[in-house]
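A.B. asks: Mind looking at a prediction? Sequence and model below.
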Amino acid sequence: MFDYIRDNPNLHCVAMGFNKAYLCESKYVNTYRKFFINLPELLENEADLHIRLCFNSWAYERSYVSFHGVSKNEAKYQVINKMFTSLEELVDYLDLNI
């Protein structure tokens, strides 16, 4: 899949999780990223489901997120061996404007 995306620059893998890859046109990457970044807290608040979002990249420096199920009290976000329990903690750590 990554070789195919490399050869098709208008396509981007924005997320991977639960045996699925989520692709979009590159011009919509930021919209989908915002959705996935908010997904752990959205799922917890609305459906009492718990996932951890991990930030990844691959050889061609195109980033994506992956996610998997976790227990209720486990961290919701991971960035290179650092765990965060909330989006606010992650944003502060990465100094993001979300």
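C.D. replies: Okay, I see it.
A.B. asks: In three-state terms, label the spatially most central residue of the chain for me.
C.D. replies: Nearest to the mean C-alpha position of the chain, counting by C-alpha atoms, centre = their mean, stands Val65 at 2.9 Å. Following DSSP: H, G, I helix; E, B strand; the rest coil, Val65 is assigned to strand.
A.B. asks: any idea how far it lies from Ala47?
C.D. replies: Using C-beta to C-beta, to the nearest Å, Val65 is found at 19 Å from Ala47. Glycine gets a C-beta too; all of them are placed from N, C-alpha and C.
A.B. asks: what do you get for Gly69?
C.D. replies: With distances taken as C-beta to C-beta, Gly69 is found 12 Å from Ala47.
A.B. asks: Which residue of these two possesses the greater neighbour count?
C.D. replies: Neighbours per residue (other C-beta atoms under 10 Å) separate Gly69 from Ala47, with Gly69 holding more: 12 against 8.
A.B. asks: ok, Leu53 - how many residues close by?
C.D. replies: 24.
A.B. asks: So which bits of the host helix or strand of it are buried?
C.D. replies: Per DSSP states H and E, Leu53 falls inside strand 51-57. Buried residues in strand 51-57, counted by 16 or more other C-beta atoms under 10 Å: 51-55.
A.B. asks: contacts for the lowest-mean-pLDDT helix or strand in the chain?
C.D. replies: Ranked by mean pLDDT, DSSP states H and E, the weakest helix or strand in the chain is helix 87-94, scoring a mean of 86. For helix 87-94, contacts defined as C-beta atoms under 8 Å, 6 or more residues apart in numbering pick out 37-38, 40-41, 76-77, 79, 82, 84, 96, 98.
A.B. asks: can those residues go into TSV with extra columns for secondary structure and neighbour count?
C.D. replies: Shown next, in TSV, are the contacts of helix 87-94 (DSSP: H, G, I helix; E, B strand; the rest coil; neighbours: other C-beta atoms under 10 Å):
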residue	secondary structure	neighbour count
Ile37	helix	20
Asn38	helix	13
Pro40	helix	24
Glu41	helix	16
Lys76	coil	22
Tyr77	strand	25
Val79	strand	14
Lys82	strand	13
Phe84	strand	20
Leu96	coil	10
Ile98	coil	11
